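Asker: have a look; sequence and predicted model below, questions after that.
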Amino acid sequence: MVKKSIAWALSVLTLLVFACIARPTDAISCGDAVGALIPCGSFLMGGGAPRPSAQCCQGAQSLNKLATSPVDRRTVCECFVKSGPSFGVKPERVKLLPSLCKLKLALPVNPKTGCKNV
């Protein structure tokens, strides 16, 4: 159950990153994805304020603009699936991020969405 929740949270983060930042010639890296969401750390781990900061939302929106291709979105998804648990990300907080940051995602935020499906 915990693994599914963590995987779901990471998938959601990946989806956020997927719809993100557009680099015409450069592929997005896991470091880029994680770096963009660093301001969201305390919110995603359940600490601090009940809402993400303006900096968090700006980072999430930037990431959303970067991950324009299926390859970029898959890279971000796999990154968050692998790294999310080590950061202590809470799936319920991840689910809130798109609505609280007013992100329009091209992909559904769904815990059952696997990285191969993005």
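Answerer: Everything's here; your move.
Asker: so for stretch 59-78, what's the average pLDDT?
Answerer: Throughout stretch 59-78, pLDDT has a mean value of 87.
Asker: can you show me the helices along this structure?
Answerer: 2-18, 30-36, 41-44, 54-66, 70-87, 91-100 (DSSP state H).
Asker: and the ones you listed: which comes nearest residue 114?
Answerer: helix 2-18 (7.1 Å; CB to CB). All C-beta spots, glycine's among them, are computed from the backbone N, C-alpha and C.
Asker: so for that closest one, what's the average pLDDT?
Answerer: pLDDT averaged over helix 2-18 gives 49.
Asker: what's the answer for stretch 99-111, then?
Answerer: On average, stretch 99-111 scores 69.
Asker: now do the buried residues in stretch 49-64.
Answerer: 52, 56-57, 59-64 (16 or more other CB atoms under 10 Å).
Asker: out of these, flag the one nearest to residue 30.
Answerer: Using CB to CB, these come closest to residue 30 at residue 63, 11.8 Å.
Asker: deepest in the core, which of the helices of the chain is it.
Answerer: Among these, ranked by average contacts under mean count of other CB atoms under 10 Å, first place goes to helix 2-18 (a mean of 23).
Asker: just to revisit the earlier point, can you add distance to residue 38 and give the buried residues of stretch 49-64 back as TSV?
Answerer: Output for the buried residues of stretch 49-64, formatted as TSV (distance: CB to CB, whole Å):
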residue	distance to residue 38
52	12
56	9
57	13
59	7
60	11
61	14
62	12
63	11
64	15
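Asker: wait, which of these is closest to residue 40?
Answerer: residue 56 (3.9 Å).
Asker: returning to that earlier point: would CSV of the helices of the chain with distance to residue 116 be doable?
Answerer: Formatted as CSV, those follow (distance: least, CB to CB, whole Å):
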stretch, distance to residue 116
helix 2-18, 11
helix 30-36, 17
helix 41-44, 24
helix 54-66, 20
helix 70-87, 7
helix 91-100, 19
